[in-house]
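Peer 1: 3D, please:
(one chain, ligands or ions: 1)
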Amino acid sequence: MSEEVLIHADAGVITITLNRLDRKNAITQAMYGAMADALAAARDDAATRVVVLQGHATVFSAGNDLGDFLNQPPAGQDSPVFRFLHNLAAFPKPLIAAVCGPAVGIGTTMLLHCDLVYAGDNAAFSMPFVNLGLCPEAASSLLVPQMLGYHRAAEALLLGEPFMAEAALEVGLVNRVLPPTEANGYAQAQAAKLAAKPLSALVETKRLMKKTQQGAVLERMAEEGASFGRMLREPAAREAFTAFMEKRRPDFSKV
Ligand code: COA
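Peer 2: Alright, predicted model coming up:
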């Protein structure tokens, strides 16, 4: 298990902590693999009732590790990132996220699949896929317009404009805004409340709430994944990623 993803089990709650602060919790293929495996184990373990995803009080995640994606782009639906997204979207038990600081790309889109989201007042959400020559992932092209309304979704997904915790609260992406030092603890307290409830009732209630959309979500995720995988290898993304590594502005004039 990678030290960059910490897995902690306590009283029916599995906590998955992104722990790569020197890279702002940017997520590598190895980290996606560790999180995908942790979710599969939590799904299959009868003693696990709730999963909490969290980062640090200063940063949730800078999204995909751009160097890692440039060097070893994910290949197909069996790749760690797609396994993680699938296990997340299909996770049958309650999922809680605690989010502070930047939540970029998948740092924001993974929240669309969590049941409860608690944000520090320093949380900044952004989905700059277009700026990276990419398209949305995690079924965000379906779920973000539904949640934000089309025009605000266009600001977030076409312009890649960030929005802060209070705006996320207003549109329903987060349940509550807290001081950053309290967000992880509050998520744990809510997880303990859920862990004390009958698991069968939680699972059935979540299944029924998700039922109408589940097929469409998985279908959209697969379609986005195919486009995302193709676009990662195209000139626009390669220019955007190389520019990020070289700490310069990307030049899209030729792509
Ligand atoms: N992939 C790889 N490395 C990353 C990264 C990413 N997604 N995000 C940050 N890093 C690295 C930086 O290159 C920097 O490395 P260095 O110390 O060698 O220079 C280090 O992490 C710290 O990042 P820095 O940008 O200095 O921190 P910050 O607090 O000023 O800004 C962010 C934090 C998250 C706002 C900013 O790092 C950022 O925008 N990152 C890119 C986000 C992105 O485009 N993600 C992809 C989404 S699909």
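
Peer 1: make it CA atoms for all contacts and neighbour counts henceforth
Peer 2: Noted.

Peer 1: ok, whichever residue of the stretch 51-200 of the chain sits closest to the ligand - how many residues close by?
Peer 2: Of the residues in the stretch 51-200 of the chain, the one nearest the ligand is residue 65, at a distance of 3.4 Å by CA to the nearest ligand atom. The local packing count at residue 65 equals 18, with neighbours defined by other CA atoms under 10 Å.

Peer 1: Quick check: phi and psi on it?
Peer 2: Dihedral angles phi and psi of residue 65 (degrees, to the nearest 10) take the values phi -70, psi 110.

Peer 1: What residues of stretch 55-73 count as buried?
Peer 2: Across stretch 55-73, burial judged by 16 or more other CA atoms under 10 Å covers 55-66, 69-70, 73.

Peer 1: For the stretch 51-200 of the chain, what lies in contact range of the ligand?
Peer 2: Contact residues, the stretch 51-200 of the chain versus the ligand (CA under 6 Å from any ligand atom): 62, 63, 64, 65, 66, 67, 102, 104, 105, 129.

Peer 1: nearest residue to the fifth one other than its sequence neighbours?
Peer 2: It stands for residue 66. Nearest non-adjacent residue to residue 66, counting by CA to CA, 6 or more residues apart in numbering: residue 241, 6.0 Å away.

Peer 1: Now do the same contact list for that neighbour.
Peer 2: The neighbours of residue 241, taking CA atoms under 8 Å, 6 or more residues apart in numbering as the test, are 66, 67, 70, 132.

Peer 1: now residue 35
Peer 2: With contacts defined as CA under 8 Å, 6+ apart, residue 35 is in contact with 5, 16, 84.

Peer 1: cool, residue 25 as well?
Peer 2: Going by CA under 8 Å, 6+ apart, residue 25 touches 18, 19, 55, 59, 60, 61, 62, 63.

Peer 1: where's the residue nearest to residue 66, which helix or strand?
Peer 2: Residue 241 is part of helix 235-245, with elements assigned from DSSP states H and E.

Peer 1: which parts of that helix are buried?
Peer 2: The neighbour-count check on helix 235-245 (16+ other CA under 10 Å) flags 236, 237, 238, 239, 240, 241, 242 as buried.

Peer 1: residue ranges with poor pLDDT in the stretch 101-250 of the chain?
Peer 2: The stretch 101-250 of the chain contains no residues with pLDDT under 70.

Peer 1: the helices in it, which residues?
Peer 2: Counting by DSSP state H, counting those that start in this stretch, the stretch 101-250 of the chain forms helices over residues 106-109, 140-148, 150-157, 165-171, 180-195, 199-232, 235-245, given from the N-terminal end onward.

Peer 1: tell me which strands and helices the fourth one is in contact with?
Peer 2: In other words, helix 165-171. Using 3 or more CA pairs under 8 Å, 6 or more residues apart in numbering; DSSP states H and E as the contact criterion, the elements in contact with helix 165-171 are strand 124-126, strand 176-178.

Peer 1: Parallel or antiparallel, list what pairs with the last one.
Peer 2: Think strand 176-178. If you go by DSSP bridges, strand 176-178 pairs up with strand 116-120 (parallel).

Peer 1: same check, this time on the first one
Peer 2: When sheet partners are counted by DSSP bridges, strand 124-126 sits next to strand 102-104 (parallel), strand 163-164 (antiparallel).

Peer 1: Comparing those, which comes out most buried?
Peer 2: strand 102-104 (a mean of 24; mean count of other CA atoms under 10 Å).

Peer 1: Can you name the residues in contact with it?
Peer 2: By CA under 8 Å, 6+ apart, the residues outside strand 102-104 that reach it are 58-63, 122-128.
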